[in-house]
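[1] Following is a predicted model, sequence given first.
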Amino acid sequence: MADRARPAKRGRSGGAPGPWDGDPLLSDLMPWSVPALRTGRDWVRSPDPETLRARWRRLIGAAGEERAALFRPSRSRTLRSAVAQLPGRAASTVRLAREAGPCPEPEPVRHGAFDRQWLLPDHRLLDAARPELWRVADGGQLFAVVQERPGPALVFGAELPDGHRSPGRGPVRPLYRRPGAAEPNLAPGLTDLLAARFGCAVAAGDVAAWTAAVACHPAAPEAPGRAGAGAVVVPLPDDPGLWRRGTALGREVVWLSTFGERCTDPADGRPAGRPRMPGGRRPFVRRPVPDTPAGFPAALAYDAEEEALLLGDGRIAPVPASAWEYRVGGERVLETWFAGRAAPRPGADAPAHGSLEAVRPASWPRTWTTELTDLATVLALLAGLHGAQAELVRDLAAAPRLGAAALRAAGVLPAPDWAARPASVLAHLEEGPEGQFALL
């Protein structure tokens with residue numbers, strides 16, 4: 001039986017119960033989570049894949065103490081660390097002290113909420129690589145990461161999150177526990193229960209779409225008495241109409257959040273590939289950034305009157321103010337994106353001369369301008385959905401819901417202990433240290 005999800009007992013903070021205190025949390029519905037990977041050294045990540053290849057050549061071209069100084073050893077990794085290959089990646093497992101081979105192929109990662117960068121997928125370079133995440137990172141996976149407020153409570157991405165952390169940012173929750181979009185990371189029995197209540201098939205992607213609709217926006221439900229990493233509330237409706245409305249909206253949110261890589265459906269206006277603004281409102285490069293070292297933009301600014309992004313001498317317009325003002329964790333996403341690419345200024349934060357971090361593009365790559373245009377487009381389109389998402393949450397608050405008590409009565413919650421652990425991947429051959437193999 002549906003419940004209004006408003007228990008009489010007090011929340012964990014000791015205050016009066018809130019309107020969402022009896023609703024399930026994301027951690028209830030998606031029980032398996034993994035701490036974000038920790039690189040241990042910044043030079044293994046870059047917005048530009050060619051920069052990573054240049055850094056690798058610089059490292060491999062050095063020897064002895066110079067190679068060690070460039071590498072930056074830590075307690076977890078040195079040039080003599082013996083580690084297995086990352087699952088599904090072809091990097092060498094020879095100790096780095098003797099490595100003379102080619103650069104591992106850079107792989108896209110999600111740096112922060114919306115910044116798509118590149119990483120060297122080499123276990124020897126990463127302090128805490130989280131192999132269980134790499135094992136399920138493929139073309140069908142979807143990753144959810146809790147974000148600090150104010151801003152969206154949650155962000156979905158197609159790329160593996162790289163471990164960039166800020167206060168309040170939660171662990172990584174993959175949608176699937178096995179490669180090939182197999183075995184959903186959902187409380188066992190949840191999709192069957194929802195299908196029976198709504199009279200329609202319910203797949204893992206539908207649950208992800210619903211979650212995106214209610215949580216991936218600034219007006220997402222909050223339960224202050226249940227604060228903590230991963231404490232995102234995901235109220236479930238007990239009405240088929242609300243479910244259909246929310247999942248339709250959420251598919252568009254996921255499609256945009258993954259830059260057109262997931263939840264694609266050309267018939268429903270979500271083609272594979274870069275999302276576009278409607279005709280006449282599409283941002284264009286009105287004036288390119290000069291392709292010279294002297295033209296490297298010193299700042300990113302916004303001209304509200306002209307609806308233009310000012311990238312040094314470059315200009316992109318029209319860009320809605322909603323894209324410029326889009327914030328995650330209280331910070332403008334576009335400014336954070338630019339800060340990760342801006343030329344370092346002299347001072348304590350500048351990379352040391354001769355370090356691998358100092359190896360970077362000599363001039364502003366044109367691809368970065370294209371990526372900035374794509375990001376502004378996605379943020380503007382996401383901001384355009386926030387009103388519909390807030391309205392959905394308001395209607396949900398006034399409607400009967402499947403609260404945690406109803407899920408417990410149905411045997412869905414609590415999820416069994418095994419659901420919170422990585423799944424075994426049988427008959428999966430992975431190379432161990434120095435070329436040895438292990439069967440997992």
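    The structure has been received and is ready for your questions. Numbering: from 1, shown residues only.
[2] Flag every buried residue along stretch 261-270.
    Judged by neighbour count (16 or more other Cβ atoms under 10 Å), stretch 261-270 contains these buried residues: 261-263, 270. For every residue, glycine as well, the C-beta is placed using N, CA and C.
[3] Any chance of TSV for the residues you listed, columns secondary structure, pLDDT and distance to residue 415?
    Converted to TSV, the buried residues of stretch 261-270 look like this (DSSP: H, G, I helix; E, B strand; the rest coil; pLDDT from 0 to 100; distance: Cβ to Cβ, whole Å):
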residue	secondary structure	pLDDT	distance to residue 415
261	coil	98	28
262	coil	98	24
263	coil	98	25
270	strand	97	31
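[4] any weak-confidence spans in the stretch 51-200 of the chain?
    For the stretch 51-200 of the chain, the stretches with pLDDT under 70 are 164-169.
[5] which stretches of it form strands?
    107-111, 115-119, 143-146, 154-157, 160-161, 172-174, 176-178, 182-184 (DSSP state E, counting those that start in this stretch).
[6] mean confidence for stretch 283-299?
    For stretch 283-299, mean pLDDT rounds to 91.
[7] Can you measure across it, start residue to end residue?
    For stretch 283-299, the first and last residues are 19 Å from each other (Cα to Cα, to the nearest Å).
[8] In the stretch 301-440 of the chain, what residue spans correspond to helices?
    Listed in chain order, the helices of the stretch 301-440 of the chain (DSSP state H, counting those that start in this stretch) span 321-324, 333-339, 366-397, 404-409.
[9] Any chance of TSV for the strands of the stretch 51-200 of the chain, columns distance to residue 370 and mean neighbour count?
    TSV is the format used below for the strands of the stretch 51-200 of the chain (distance: least, Cβ to Cβ, whole Å; neighbours: other Cβ atoms under 10 Å):
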stretch	distance to residue 370	mean neighbour count
strand 107-111	15	21
strand 115-119	12	22
strand 143-146	24	24
strand 154-157	19	25
strand 160-161	22	24
strand 172-174	27	23
strand 176-178	30	21
strand 182-184	34	16
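[10] among these, which is nearest residue 86?
    strand 107-111 (9.4 Å; Cβ to Cβ).
[11] starting at the chain centroid, how far to that closest one?
    In terms of Cα atoms, centre = their mean, to the nearest Å, the centre of strand 107-111 is set 9 Å apart from its chain centre.
[12] In the sheet, which strands lie alongside that strand, parallel or antiparallel?
    Using DSSP bridges, the strands paired with strand 107-111 in its sheet are strand 115-119 (antiparallel), strand 160-161 (parallel).
[13] Return that strand as PDB; C-alpha atoms alone will do.
    Written as PDB, here are the backbone C-alpha positions of strand 107-111 (Å, rounded to 0.1, in the frame of the first residue of the first chain):
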ATOM      1  CA  GLU A 107      40.800   7.500 -22.300                       C
ATOM      2  CA  PRO A 108      38.000   9.900 -21.700                       C
ATOM      3  CA  VAL A 109      37.100  10.600 -18.000                       C
ATOM      4  CA  ARG A 110      34.700  12.900 -16.300                       C
ATOM      5  CA  HIS A 111      36.500  15.500 -14.200                       C
END
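[14] Show residues contacting it.
    45, 89, 116-121, 143, 145, 157-162, 164, 340 (Cβ atoms under 8 Å, 6 or more residues apart in numbering).
[15] hmm, back to that, need the strands paired with strand 107-111 in JSON lines (columns: distance to residue 54).
    Shown next, in JSON lines, are the strands paired with strand 107-111 (distance: least, Cβ to Cβ, whole Å):
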{"stretch": "strand 115-119", "distance to residue 54": "12"}
{"stretch": "strand 160-161", "distance to residue 54": "23"}
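[16] Now do residue 369 against residue 297, distance only.
    10 Å (Cβ to Cβ, to the nearest Å).
[17] Kindly report the same for residue 403.
    50 Å.
[18] Next: residue 178.
    Relative to residue 297, residue 178 is positioned 44 Å away (Cβ to Cβ).
[19] got it, and residue 90?
    36 Å.
[20] And residue 335, by the same measure?
    Separation of residue 335 from residue 297 (Cβ to Cβ): 13 Å.
[21] just residue 127 next, same as before
    Remark: distance between residue 127 and residue 297 (Cβ to Cβ) = 32 Å.
[22] Please say which of those two ends up with more neighbours.
    Between residue 127 and residue 297, residue 297 has the larger neighbour count (other Cβ atoms under 10 Å), namely 20 against 16.
[23] Before I go, just wanted to say thanks for your time.
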